[in-house]
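1. sequence unknown, structure follows:
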């Protein structure tokens, strides 16, 4: 085992909101051809049959209003371009038409194809360059936020493809409960009480010891008291702080400003890096919950069924969903000073592809912290048991000293 | 060790008056769900749809979060708490912060001399029809 993995004591996951891989990282293909991004030839047909190309014209804010559709039926249309036949194939050709249906504005609908020039998103570009970027990390479900986030916490959404995930009488335990039962520590850090936690209110209701604020995360990093596993939630809304100061949403959910999310990511990175003991013993995963209706050119692959079935009334497509296909690809970067610079994890278009999804998060955490015979391992969903883990990307025996620092001004 | 300067987000990006997203509405619904006993979870009682702005949603989410935490403390002996049959009152949705209106420019009356000839003719015609006298200002 490499020394880097021997040193590892903490895993931190920061899950952002609603941006596709191509939207944030697609422009990096020009910098590194191994990154499965955009060549400039990718297009969708618009509602008049004209070509709408993927272009580096994404704006920080104000461009994706209304919020692009990312409910199950909408995403199904984006992936399959409205084809409902049994032998359909994923073309990724329905994004522009899907967005057109929301505002009936042809010019506006093409903005769903826009992505960022890497220089405009310096934080995620630097992290993807300096550490390990995943060519094949997909959202767990072709659907909205909450069912996808459920996979990060539970390794399943218990049959939900929508926002109604309430977890009564769950058959599998959350990764936090599993760690707790095994004598390990875990915490969910939300931004503040006005942003609160997204979705897992059942844990807030019954096990509030799992929760803390981002301010506490920063203190835990500084004091060397970080738990074994940390899950960080960004600020989900523009609101006033305790002193009346403006606190901008940092989740990057459209139409929140991308730059504030970049600053938040950088602040989490800096908190970890500023304590040498925490920096050498922590792996930080930056990942997005789903694509938010924004274009990506890679067709989501099939996956092992989840054991649950979503009924046609829930999917909105008139067909059931067997959880046998992943959602649209999202940005994901693994950060550690023990990872080789410019590591690109191969995806579906590469030789020896490795497919990751959000069930890979509890799978990795459980695999790393719990001994092989721990009974808590039985609390994993079928999807989680088969999910790829990612700590093998930590390969170095010598810690890097050339990693970047972010100046937040 | 490379130092990467991260630009500041401009203050104008802050907009607590934008309508709340589906996500924030669902977050509210989930917190309300956690607060209410099972028998009291009627859709009519939920208030997510009455929230009009993101800032208002944030204030309400803070109240709900506090109540969920208090309810936990109550169940664990920190204070007397509602039993399963007791009616639970959801916190009142805070008022949306007043929108800041841009100051209206002061109305400035243009000097009559600069009015167009057509405007002068129309004004004179209108005055004739209503029997009102025109001032004759601006006329030679």
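-> Yep, that arrived. Nothing here was measured: the structure is a model prediction, and the numbers come from that model.

2. Which parts of the chain are strands?
-> As the question left the chain open, I've gone with chain A. Applying DSSP state E to chain A gives strands spanning A:10-16, A:43-45, A:51-53, A:132-134, A:186-190, A:211-213, A:229-232, A:239-240, A:246-247, A:282-288, A:332-335, A:343-345, A:405-407.

3. was after chain B, sorry
-> In chain B, the segments counted as strands under DSSP E are B:3-5.

4. give me the residue from it nearest chain A.
-> Nearest residue of chain B to chain A, counting by Cβ to the nearest Cβ: residue B:58, 3.4 Å away. Just so you know, the C-beta spots here come from the backbone N, C-alpha and C atoms, and that holds for glycine as well.

5. residues contacting that residue?
-> Contacts for residue B:58 (Cβ atoms under 8 Å, 6 or more residues apart in numbering or on different chains) come out as A:194-195, A:237-239, B:16.

6. now do residue A:142
-> The contact partners of residue A:142, taken as Cβ under 8 Å, 6+ apart, are A:72, A:75-76, A:79, A:161, A:300, A:325-328.

7. Nearest residue to residue A:403 in space, please, no chain neighbours.
-> Leaving aside its chain neighbours, residue A:403 sits nearest to residue A:337 (5.5 Å; criterion: Cβ to Cβ, 6 or more residues apart in numbering or on different chains).

8. neighbours around the residue nearest to residue A:321 when sequence neighbours are not counted, how many?
-> Nearest non-adjacent residue to residue A:321, counting by Cβ to Cβ, 6+ apart: residue A:310, 4.3 Å away. For residue A:310, the count of nearby residues is 24 (other Cβ atoms under 10 Å in any protein chain shown).

9. residue farthest from the centroid of chain A?
-> Centroid-distance maximum for chain A: residue A:48 at 33.3 Å, with Cα atoms, centre = their mean.

10. list the contacts for it?
-> By Cβ under 8 Å, 6+ apart, the contact set of residue A:48 is residue A:106.

11. Against chain B, how distant is it?
-> Look at residue A:48 and chain B: by Cβ to the nearest Cβ, to the nearest Å, they are 29 Å apart.

12. again with residue A:46
-> 25 Å.

13. Where is pLDDT lowest across the contacts of residue A:142?
-> Lowest pLDDT within these is found at residue A:161 (94).

14. Hmm, residue A:143 and that one touching each other?
-> Yes: with contact defined as Cβ atoms under 8 Å, residue A:161 and residue A:143 form a contacting pair (4.5 Å).

15. Spit out the residues that contact those two alike.
-> In contact with both residue A:161 and residue A:143: residue A:72, using Cβ under 8 Å, 6+ apart.

16. ok, residue 33 - how many residues close by?
-> In the absence of a named chain, chain A is used. 11.

17. wait, I meant chain B there
-> Applying other Cβ under 10 Å, we find 18 residues neighbouring residue B:33.

18. show me what contacts residue A:89?
-> Shown in contact with residue A:89 (Cβ under 8 Å, 6+ apart): A:80, A:83, A:299.

19. In these, which residue is surrounded by the most others?
-> residue A:80 (20 neighbours).

20. just checking, it touches residue A:94?
-> Yes: assessed by Cβ under 8 Å, residue A:80 is found in contact with residue A:94 at 6.6 Å.

21. Check the spatially closest residue to residue B:32 that is not a sequence neighbour and give its pLDDT.
-> Nearest non-adjacent residue to residue B:32, counting by Cβ to Cβ, 6+ apart: residue B:46, 5.2 Å away. Note on residue B:46: pLDDT of 83.

22. residues in contact with stretch B:45-52?
-> B:19-20, B:24-26, B:28-29, B:32-33, B:36, B:57, B:60, B:90, B:93, B:96.

23. Most neighbours among the residues you listed, which one is it?
-> residue B:57 leads the contacts of stretch B:45-52 on contacts (other Cβ under 10 Å) with 29 neighbours.

24. mind checking how far the residue nearest to residue A:321 is from chain B?
-> Applying Cβ to the nearest Cβ to residue A:310 and chain B gives a distance of 17 Å.

25. Contacts only, for that residue.
-> So residue A:310 contacts A:72, A:159-161, A:320-321, A:323 (Cβ under 8 Å, 6+ apart).

26. quick check, nearest of those to chain B?
-> Distance to chain B across those (Cβ to the nearest Cβ) is lowest for residue A:160, with 11.9 Å.

27. Give the closest residue to residue A:172 in space, chain neighbours not counted.
-> The shortest distance from residue A:172 to any non-neighbouring residue, by Cβ to Cβ, 6+ apart, is to residue A:381 (4.9 Å).
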